[in-house]
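Enquirer: Next come a sequence and a model predicted from it.
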Amino acid sequence: MRAAASQLSPAVRRFVSAYKHANHVQPLATKALTSGSLLAAADLACQAREGPHHLDMQRTLRMGSWGLLVNGTSGHVWYKLLDQVVRIGGARGVASKLVLDQAIYTPPLTVTFFMWQNVLSGHSWQRSYEIAMEELLPTLKVNWVYWSVAHVATFSVVPLQYRVLFVSLKNFLWSIFLSVVANKKK
């Protein structure tokens, strides 16, 4: 790890040091801001991928606010709770955390995501719920493939204090997928 760190530019080393400090002093705020920033950036990347058109900043704000107010904060609490509940290590511990994450945390988080996106897009609560229920199973099927692989690393090698950062980086790609699903023409 130190050898890799010595290869980084001074600016990157300062950023990493500042992030580590902020994560130590204000872990919840740091994780929320990290998640919000990366999800907003993911939506911008998604919009760029969709082709040249007028940038929809409200859409980007919906994604960023989701990361800031829900995803980063809930992840902070959830990963701490998982480590408190699952006390075994090794492959059994990783598998236990993965099953709990995908069975308990992910389904309501996914429903909440679609509700958030659609209510803030102007849909009624009822219509937002209907859309969330329509998208839940297809989204979970893709989620189980993508996040099962990603979370093997999350739960086996990433220290607790950096899990939200690691997941937020993985979430960048996942959020592009979610943004496509959430913003397809209804």
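Expert: Happy to help now that I have it. Residues are numbered from 1 along each chain as shown.

Enquirer: Walking through this structure, point out its strands one by one.
Expert: Remark: no strands are assigned in the chain by DSSP state E.

Enquirer: tell me which strands and helices the biggest helix by length in the chain is in contact with?
Expert: The residue-count maximum for a helix in the chain (DSSP state H) belongs to helix 125-156. Applying 3 or more Cβ pairs under 8 Å, 6 or more residues apart in numbering; DSSP states H and E, one finds that helix 125-156 contacts helix 90-100, helix 106-120, helix 163-182. C-betas here are computed from N, CA, C, even on glycine.

Enquirer: Columns mean neighbour count on top of those helices, output as JSON lines?
Expert: Listed next are the helices and strands packed on helix 125-156 as JSON lines, based on neighbours: other Cβ atoms under 10 Å:
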{"stretch": "helix 90-100", "mean neighbour count": "15"}
{"stretch": "helix 106-120", "mean neighbour count": "18"}
{"stretch": "helix 163-182", "mean neighbour count": "20"}
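
Enquirer: closest to residue 77 out of those?
Expert: helix 163-182 (9.9 Å; Cβ to Cβ).

Enquirer: For the helices and strands packed on helix 125-156, which has the smallest mean pLDDT value?
Expert: Mean pLDDT is lowest for helix 163-182 among the helices and strands packed on helix 125-156, at a mean of 84.

Enquirer: contact partners of it?
Expert: Outside helix 163-182, the residues within contact range by Cβ atoms under 8 Å, 6 or more residues apart in numbering are 19, 23, 31, 34-35, 38-39, 41-43, 45-47, 49-50, 59, 63, 67, 71-72, 75-76, 79, 113-114, 117-118, 135, 138-139, 142-143, 146-147, 150, 153-154, 158.

Enquirer: That one relative to helix 125-156, how many degrees between them?
Expert: Taking axes from the mean of the first three to the mean of the last three Cα atoms, to 10 degrees, one finds helix 163-182 and helix 125-156 inclined to each other by 140 degrees.

Enquirer: Please convert the helices and strands packed on helix 125-156 to JSON lines, extending it with distance to residue 126.
Expert: Converted to JSON lines, the helices and strands packed on helix 125-156 look like this (distance: least, Cβ to Cβ, whole Å):
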{"stretch": "helix 90-100", "distance to residue 126": "31"}
{"stretch": "helix 106-120", "distance to residue 126": "10"}
{"stretch": "helix 163-182", "distance to residue 126": "17"}
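
Enquirer: which one of those lies closest to residue 10?
Expert: The closest of these to residue 10 is helix 163-182. By Cβ to Cβ, the value is 20.8 Å.

Enquirer: of the helices and strands packed on helix 125-156, which approaches residue 15 most closely?
Expert: Nearest to residue 15 among those is helix 163-182; the distance by Cβ to Cβ comes to 12.1 Å.

Enquirer: Dump that closest one to CSV, keeping only the CA atoms.
Expert: C-alpha atoms of helix 163-182 as CSV (Å, rounded to 0.1, in the frame of the first residue of the first chain):
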residue,chain,number,x,y,z
ARG,A,163,-16.7,0.9,2.7
VAL,A,164,-19.0,3.8,1.8
LEU,A,165,-16.2,5.3,-0.3
PHE,A,166,-15.5,2.0,-2.0
VAL,A,167,-19.2,1.3,-2.5
SER,A,168,-19.7,4.9,-3.8
LEU,A,169,-17.0,4.3,-6.4
LYS,A,170,-18.7,1.0,-7.5
ASN,A,171,-22.0,2.9,-7.2
PHE,A,172,-20.8,5.2,-10.0
LEU,A,173,-21.3,2.5,-12.6
TRP,A,174,-24.4,1.2,-10.8
SER,A,175,-25.9,4.6,-10.7
ILE,A,176,-25.5,5.1,-14.4
PHE,A,177,-27.6,1.9,-14.8
LEU,A,178,-30.2,3.2,-12.2
SER,A,179,-30.3,6.6,-13.9
VAL,A,180,-31.1,4.9,-17.2
VAL,A,181,-33.9,2.9,-15.6
ALA,A,182,-35.3,5.7,-13.5
